[in-house]
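Trainee: Following is a predicted model, sequence given first.
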Amino acid sequence: MSRYWDQVESYAQPDVGTLKRRASETTKREKKKGNVLSPVIISGRQITTTWWGKAWCENLEQYADFASRLERGKRYVRSGTVVDLKIAKGRVTARVQGRRKTPYKVEIRISPIDEEKCERIMEACGNRISSLENLMAGNIPEELKSLFVGKEGLFPKPTELSFMCSCPDWAILCKHVAAVLYGIGNRFDDNPLLFFELRGIDVDRFISVTLESRVEKMVRNAEQLTSRCLDGIDMMAVFGI
C-alpha cells in the first residue's frame, strides 16, 4: 500500500486568462444572488502606489519565511483573482479564484499589537506628526518611519500572523494567501485608516496623543527665553520708551 504522502495530486496551474474569466463569472454569479463583493482591482503594473501600501508589502518581503510564496501571490492578485477582501479588527477575510469554479476562502488573523509598544511609538511621534492628513498621506519624517516598519514597529512580524485557506495546498502560506496579503496593501492605498483598524489601534486616540505631546512641547518651549526674545528693558530701549 502506498503511503498517503506519495499520493499527492499534481494540478496544472491555470493561465491568467482562465483566472480572469473564472473571477468574472464568480462576480456575476454572486451579484445575481444579491451578494456584494469587494474585489481587489490592480490598475497598472504596480500593486501599491502610496507609502502605506508600499510599506505593508515591503514589510512582508523582508521576511525569509515568506519569500518562496510571495512572488506567485503577486501574479494572482494582478490577475484579479481576489474577488472579495474585507478588513476588520485583527482579521482579514477574502475569497480567491483558483483552478476551481468556487473561489477558495482565505482568513488571515493578526495578533493584537502590544499596548506598551504602541504607547512608545505614539510618544516618539508626539512632536513630529502635525495632523491626521499628514499621517494618512505618509508624510512622516524619515527617521520616524522605522517606528512603523522596523522589527519593533506597528507593522506585523511573521509570528503575529496566522493563515487559513480552503485550497488543497499543504503550505501554510499558499499563493492564495499571498495574493490576499498583497491585496491588503492595495486596500491601504485607498484607505490608510484600515491599517489602524486591522492592528486594533484607535486612530483618533493615536492622533490625539501625538498632537497633545506636540502642544505640550510648544508650551514648554514658549516658557523658555532665548537670545531671540527681548525682555521688558530691551523693548523700552528699542522703541525709545
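Mentor: Now that the structure is in, tell me what you want to look at. Numbering: from 1, shown residues only.

Trainee: Could you pull out the strands in the protein for me?
Mentor: 82-88, 91-96, 104-110, 161-165 (DSSP state E).

Trainee: buried residues in the first one?
Mentor: Think strand 82-88. The neighbour-count check on strand 82-88 (16 or more other C-beta atoms under 10 Å) flags 82, 83, 84, 85, 87 as buried. Backbone N, C-alpha and C define where each C-beta goes, glycine included.

Trainee: now the last one
Mentor: By neighbour count, and taking 16+ other C-beta under 10 Å as the criterion, the buried residues in strand 161-165 are 161, 163, 165.

Trainee: partners of that strand, with directions?
Mentor: Here strand 161-165 has these sheet partners by DSSP bridges: strand 104-110 (antiparallel).

Trainee: For the nearest residue to residue 177 once chain neighbours are set aside, give me its contacts.
Mentor: If the residues on either side of it in the chain are set aside, residue 177 comes closest to residue 163, at 4.6 Å by C-beta to C-beta, 6 or more residues apart in numbering. By C-beta atoms under 8 Å, 6 or more residues apart in numbering, residue 163 lies in contact with 106, 107, 108, 172, 173, 174, 177.

Trainee: same thing with residue 19?
Mentor: Residue 19 touches 76, 79, 80, 81, 97, 98, counting by C-beta under 8 Å, 6+ apart.

Trainee: pLDDT weak spots in the chain?
Mentor: 1-12, 126-132, 143, 210-241 (pLDDT under 70).

Trainee: where exactly do the helices run in it?
Mentor: Assigned by DSSP state H, the helices in the chain fall at 16-32, 51-61, 64-78, 115-125, 132-136, 142-149, 175-190, 193-198, 203-222, 232-239.

Trainee: Distance of residue 172 relative to residue 68?
Mentor: Using C-beta to C-beta, to the nearest Å, residue 172 is found at 11 Å from residue 68.

Trainee: Just give the number of residues close to residue 104.
Mentor: 23 (other C-beta atoms under 10 Å).

Trainee: residues contacting it?
Mentor: 95, 96, 97, 98, 165, 166, 167, 176.

Trainee: And those, which is closest to residue 203?
Mentor: Closest approach to residue 203 among the contacts of residue 104 (C-beta to C-beta): residue 95, at 27.4 Å.

Trainee: which ones are touching residue 183?
Mentor: By C-beta under 8 Å, 6+ apart, the residues touching residue 183 are 40, 77, 82, 85, 94.

Trainee: about what we covered before: can you redo the helices of the chain as CSV with distance to residue 45?
Mentor: Listed next are the helices of the chain as CSV, based on distance: least, C-beta to C-beta, whole Å:
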stretch, distance to residue 45
helix 16-32, 14
helix 51-61, 14
helix 64-78, 8
helix 115-125, 33
helix 132-136, 24
helix 142-149, 23
helix 175-190, 13
helix 193-198, 23
helix 203-222, 31
helix 232-239, 62
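
Trainee: looking at the ones you listed, which is buried most?
Mentor: Of all the helices of the chain, helix 175-190 has the most neighbours on average by mean count of other C-beta atoms under 10 Å, namely a mean of 25.

Trainee: Spatially nearest residue to residue 108 (excluding sequence neighbours)?
Mentor: Distances taken as C-beta to C-beta, 6+ apart put residue 92 closest to residue 108, at 4.3 Å, once the chain neighbours are dropped.
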